[in-house]
Structures are given as C-alpha cells and as structure tokens.
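Coordinates for the following, if possible.
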Amino acid sequence: MNKWIRQAHRWLAIAFTVTVVATTVALAREDPVLWVSYLPLLPLALLFFSGLYLFVLPYRTARRIRRS
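Model (predicted):
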C-alpha cells in the first residue's frame, strides 16, 4: 500500500506541475478563461492528502515498534 501511495504522489506532482503550466499559459492569453485557474486545485488537494499520509508514516511506524 505504501509503495502505491508513493508512486501516486509522484504522478500527482507531475500532473500538478502540468496543470500549473497550462493555467499560466491560458491566463497569459489576451482573453483569458478564468475557470482554467481552478484546474490545479484537484491535484493539489490529492497531493496534500497523500503527502500528509507519507509525512505521518514514519511516526506511526516508530510508535508501533516502541509498543512491541
């Protein structure tokens, strides 16, 4: 499970970067479409939760080791 989340986190980072670049290009046009600015929010939210899980993982593992 941890390996899958790490891999998903990496791919989400790539997706987030691509959406930010696409948003920057779209908003730099003469007549920008404003809804495009919301595109990076989904990958960013998923990155937040997967990153939070990966951050807590070592502490949770250390706590299990101390208990046994």
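
Just the buried positions in the strand or helix carrying Tyr59, please.
Using DSSP states H and E, Tyr59 sits in helix 41-67. By neighbour count on 16 or more other Cβ atoms under 10 Å, the buried set for helix 41-67 is Pro43, Leu46, Leu47, Ser50. C-betas here are computed from N, CA, C, even on glycine.

Thr24: which of those residues is nearest?
Using Cβ to Cβ, Pro43 is the member of the buried residues of helix 41-67 that sits closest to Thr24, with 14.7 Å.

name the element the residue nearest to the closest one when sequence neighbours are not counted belongs to?
Closest residue to Pro43 apart from its sequence neighbours, by Cβ to Cβ, 6 or more residues apart in numbering: Phe16 at 3.9 Å. Phe16 is part of helix 2-27 when elements are defined by DSSP H and E.

okay, which residue is most central for this structure?
With distances taken as Cα atoms, centre = their mean, Leu47 lies nearest the centre of the chain, 1.9 Å away.

thought that one was touching Trp11?
No. Counting by Cβ atoms under 8 Å, Leu47 sits too far from Trp11 to count as a contact (10.1 Å).

tell me, what's touching these two both at once?
Common contacts of Leu47 and Trp11 (Cβ atoms under 8 Å, 6 or more residues apart in numbering): none found.

quick revisit: what about the residue nearest to the centre of the chain, distance to Val18?
According to Cβ to Cβ, to the nearest Å, Leu47 and Val18 sit 13 Å apart.

Many thanks, I have nothing further to ask.
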